[in-house]
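Colleague: Build me a model from this:
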Amino acid sequence: MKKNVLVLCTGNSCRSQIAEAYLRYFHGEVANIYSAGVETHGVNPRAIETMLADGIDISAHTSNHVDEYLNINFDLILTVCDHASERCPIFPSTAKRLHHNFPDPAKATGSEQEIREAFAVVREEIKVFCQQLEL
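Modeller: Predicted coordinates for the structure are as follows:
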């Protein structure tokens with residue numbers, strides 16, 4: 001039976017979307033991967049762009065609120081930002097909780113190239129983390 005994994009972030013727009021995609025890529029055969037936010041901000045176009053640069057299309061992803069998944073029995077809840085970790089609701093389950101705060105690339109400033117590079121750096125951090133995660 002596949003494990004249920006929830007990736008949780010503030011707005012479910014960047015980091016959680018990237019993590020969802022990589023977890024599906026690396027662990028989709030053993031886990032059902034979901035992502036959500038404690039708010040919904042829509043999928044960030046730069047997150048879509050940075051994932052396409054690595055060969056993964058997340059353009060069909062949606063930004064979901066954590067309340068949509070309260071009826072799922074999760075085995076793992078992964079928070080990818082401190083804000084979501086602090087506001088994470090209590091799920092009526094025995095889910096293991098794991099937290100890793102990744103920088104928010106949506107807050108990057110500078111030239112367009114510098115912002116793209118910030119997204120690429122965070123994407124690679126999340127990719128390595130997801131690849132090494134044992135489910």
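Colleague: before we move on, what SS does the residue nearest the centre of the chain have?
Modeller: For the chain, residue 16 is the residue whose C-alpha lies nearest the centre (Cα atoms, centre = their mean; 1.6 Å). Secondary structure, DSSP: H, G, I helix; E, B strand; the rest coil: residue 16 is helix.
Colleague: pretty sure it contacts residue 39?
Modeller: No. Using Cβ atoms under 8 Å, residue 16 makes no contact with residue 39, being 11.4 Å away. Every C-beta, even on glycine, is put in place using the N, C-alpha and C of the backbone.
Colleague: contacting residues for residue 62?
Modeller: residue 43 (Cβ atoms under 8 Å, 6 or more residues apart in numbering).
Colleague: mind listing the helices for this protein?
Modeller: Ranges of helices in the chain, per DSSP state H, are 15-27, 45-52, 82-87, 112-132.
Colleague: how about these in TSV, adding mean pLDDT and distance to residue 2?
Modeller: Below are the helices of the chain laid out as TSV (pLDDT from 0 to 100; distance: least, Cβ to Cβ, whole Å):
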stretch	mean pLDDT	distance to residue 2
helix 15-27	98	9
helix 45-52	98	23
helix 82-87	66	24
helix 112-132	98	16
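Colleague: Deepest-packed of these, please.
Modeller: Mean neighbours per residue, mean count of other Cβ atoms under 10 Å, is largest over the helices of the chain for helix 15-27, with a mean of 25.
Colleague: separation between the residue nearest to residue 53 when sequence neighbours are not counted and residue 52?
Modeller: Distances taken as Cβ to Cβ, 6 or more residues apart in numbering put residue 120 closest to residue 53, at 7.1 Å, once the chain neighbours are dropped. Using Cβ to Cβ, to the nearest Å, we find residue 120 at a distance of 12 Å from residue 52.
Colleague: I'm done for today, thanks for sticking with me.
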